[in-house]
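Peer 1: I'll drop the sequence and a predicted model, then ask my questions.
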Amino acid sequence: MGPRTTISIIKCDVGSLAGHHTVPRPLLKIGERHLGEAQKEGLINSYSVFHAGDDLELLMVHNQGEENREIHKLAWDTFKEAANKAAALKLYGAGQDVLKTAFSGNVRGMGPGVAEMEITERKSDPIVVFAADKTEPGAFNYPLFRIFADPTNTAGLVVDPELAGGFEFEVLDVIESKKVVLKCPEEMYDLIALIGTPGRYVVSHVWRAKGGLKCAATSTTRLSLIAGKYVGKDDPVCIVRAQHGLPALGEILAPFMHSYFVEGWMRGSHWGPLMPVGLKNSRCTAFDGPPRMVALGFQVADGKISCDDDGNPMISDLFDDPAFDLARREAAEMAVTLRRMGEFEPARLSAETMEYTTLPKILEKLKNRFEGSDIEAKMPLRVTQ
Ligand code: F6R
Ligand code: MG
Ligand code: MG
């Protein structure tokens, strides 16, 4: 048995340069300083600071376990300082996701998004971390289904006996705060019945049925549900473990060879095509998007991210690759098709989801102008036999 190692990715929108599109260097530097000091003190063993659009992402590898107070406090203090810096620089949306509340031991429910996975290290443990902007946690439902349950995506489900026993999906109902575990392939249709509604049912964890090996964890916070109103989007993060009896790296990335639609584009109010991008294109521009996702690949070894000879963590920018050009092109084409529809559904989200946006304020204004109508009585809408 290898050592117990935890991978934590904690993210927060602390403010952006020129609207809601990117995290500028001074804020990234604050992240690097805090995590660098925590590494020197021995709280964490490795880290990487990057951004997904306007979200500051703190990737930490350590031995403190999941939901650890010190790790969460480190992230919270980092976000607080970065938000203050953003305010001092008059950056846009400074402190957007740093809810005005005192730290209570866990950043969950305080604004930031969190995905964590404590694992027993295998002989070699490849990890992929995904981070997305202008979308919501359910954006991982479709790729996680393809990766762990769809034999047309993951060859290993068909040809590798280690995977043949299938995978268990924990699904969270974010509206009613309930969860259920469904096993694939046996309960695949039921799983799709739920997670096909990504705004409500969110895949939070995946395990391999054989041996209960943990293999995926996502962030599931819906900030608007916590705050009770629209306060930006819960741009999500996800950790996936790869290879040797789990889906191969290439099977984990295969769902992103095509774009697919996610909720949360512009003002958290629109469907948009997901665009997988390298870090250099992790900026949301056109109509505040299209929603983008980055993917980082690395190895964990002895509680750390494996490093090169100079001690730098070796991290691969997985979507910075022409293999995803087609998906990017599809996303750009799907984006213009949707935008041609303006504010008409299905470009705009359903009325139910729009309750958590600023639209109700507009509807409220019109409320008293509606008059009674007998139109239904005059029109023979119901056909009787
Ligand atoms: C923010 C986001 C953006 C904003 C939009 C309006 O995460 O998704 O699309 O909702 O730019 O922002 P405000 O209301 O701040 O001008
Ligand atoms: Mg923002
Ligand atoms: Mg964002």
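Peer 2: Received the coordinates, thanks. Numbers count the residues shown, from 1 in each chain. Ligands and ions are numbered 1, 2, ... in the order given.

Peer 1: give me the number of residues near the closest residue to residue 28 other than its chain neighbours?
Peer 2: Take residue 28 and drop its neighbours on the chain: the residue closest to it by Cβ to Cβ, 6 or more residues apart in numbering is residue 49, 5.5 Å away. Bear in mind the C-beta positions are built from the backbone N, C-alpha and C, glycine included. Neighbour count of residue 49, defined by other Cβ atoms under 10 Å: 21.

Peer 1: next, residue 49: secondary structure please.
Peer 2: Look at residue 49: counting by DSSP: H, G, I helix; E, B strand; the rest coil, its state is strand.

Peer 1: my read is that it contacts residue 36, right?
Peer 2: No. Judged on Cβ atoms under 8 Å, residue 49 makes no contact with residue 36 at a distance of 9.2 Å.

Peer 1: what's near enough to touch residue 26?
Peer 2: By Cβ atoms under 8 Å, 6 or more residues apart in numbering, the contact list for residue 26 reads 85, 89.

Peer 1: give me the neighbour count for the residue in the chain that ligand 2 sits nearest to.
Peer 2: Using Cβ to the ion, the single residue of the chain nearest to ligand 2 is residue 20, 3.6 Å away. Residues near residue 20, counting by other Cβ under 10 Å, number 23.

Peer 1: so where's this protein uncertain?
Peer 2: The chain contains residues with pLDDT under 70 at 1-2, 222-233, 376-385.

Peer 1: what's the single longest helix in it?
Peer 2: As assigned by DSSP state H, the longest helix anywhere in the chain is helix 69-88.

Peer 1: now the next helix or strand after it: buried residues?
Peer 2: For helix 69-88, the following helix or strand on the C-terminal side (DSSP states H and E) is strand 113-120. Within strand 113-120, the residues that count as buried by 16 or more other Cβ atoms under 10 Å are 113, 114, 115, 116, 117, 118, 119.

Peer 1: what's the distance between the fourth one and ligand 3?
Peer 2: Counting by Cβ to the ion, to the nearest Å, the gap from residue 116 to ligand 3 is 20 Å.

Peer 1: one more: residue 304?
Peer 2: Going from residue 304 to ligand 3 by Cβ to the ion gives 29 Å.

Peer 1: hang on, that residue packs against residue 44?
Peer 2: No. Look at residue 304 against residue 44 with Cβ under 8 Å: they stay out of range, at 9.2 Å.

Peer 1: common neighbours of the two, please.
Peer 2: residue 61.

Peer 1: the two: which has the busier surroundings?
Peer 2: More neighbours surround residue 44 than the other of residue 304 and residue 44, with 26 against 19 (other Cβ under 10 Å).

Peer 1: assign a three-state SS to the more buried one, would you?
Peer 2: Three-state assignment for residue 44 (three-state DSSP): coil.

Peer 1: please name the bridge partners of the residue nearest to residue 28.
Peer 2: For residue 49, the beta-bridge partners are residue 58 (DSSP bridges).

Peer 1: which single residue of the stretch 201-350 of the chain ends up nearest ligand 3?
Peer 2: Counting by Cβ to the ion, the stretch 201-350 of the chain gets nearest ligand 3 through residue 235, at 4.0 Å.

Peer 1: got phi/psi on that residue?
Peer 2: phi -60, psi 120 (degrees, to the nearest 10).

Peer 1: can you tell me how far it is from residue 46?
Peer 2: Distance of residue 235 to residue 46, given as Cβ to Cβ, to the nearest Å: 23 Å.

Peer 1: neighbour count: these two, which is higher?
Peer 2: Set residue 235 next to residue 46 and count neighbours by other Cβ under 10 Å: residue 235 wins out with 31 against 24.

Peer 1: report the separation between the more buried one and ligand 1.
Peer 2: Separation of residue 235 from ligand 1 (Cβ to the nearest ligand atom, to the nearest Å): 7 Å.

Peer 1: repeat for residue 110
Peer 2: 17 Å.

Peer 1: the closest residue to that residue other than its chain neighbours: neighbour count?
Peer 2: What sits nearest to residue 110 in space, not counting adjacent residues and going by Cβ to Cβ, 6+ apart, is residue 99, at 5.2 Å. By other Cβ under 10 Å, 16 other residues sit near residue 99.

Peer 1: tell me the contacts of the residue nearest to the spatial centre of the chain?
Peer 2: Geometric centre of the chain, nearest residue: residue 236, 1.9 Å, by Cα atoms, centre = their mean. Contacts for residue 236 were tallied using Cβ under 8 Å, 6+ apart; they are 113, 115, 131, 132, 135, 136, 137, 139, 140, 218, 219.

Peer 1: ok, residue 265 next?
Peer 2: Residue 265 touches 134, 135, 271, 272, 287, 288, 289, 290, 291, counting by Cβ under 8 Å, 6+ apart.

Peer 1: pretty sure the third one is in a strand, no?
Peer 2: Okay, so that is residue 271. Yes. Judged by three-state DSSP, residue 271 forms part of a strand.

Peer 1: bridge partners for the residue nearest to it when sequence neighbours are not counted, pull those for me.
Peer 2: Nearest non-adjacent residue to residue 271, counting by Cβ to Cβ, 6+ apart: residue 261, 5.0 Å away. Under DSSP bridges, the beta-bridge partners of residue 261 are residue 273.

Peer 1: mind starting the numbering at 48 from now?
Peer 2: Right, with 48 as the first residue, what we last looked at is residue 308.

Peer 1: quick check: residue 308 touching residue 384?
Peer 2: No. If you go by Cβ under 8 Å, residue 308 and residue 384 don't touch, sitting 10.8 Å apart.
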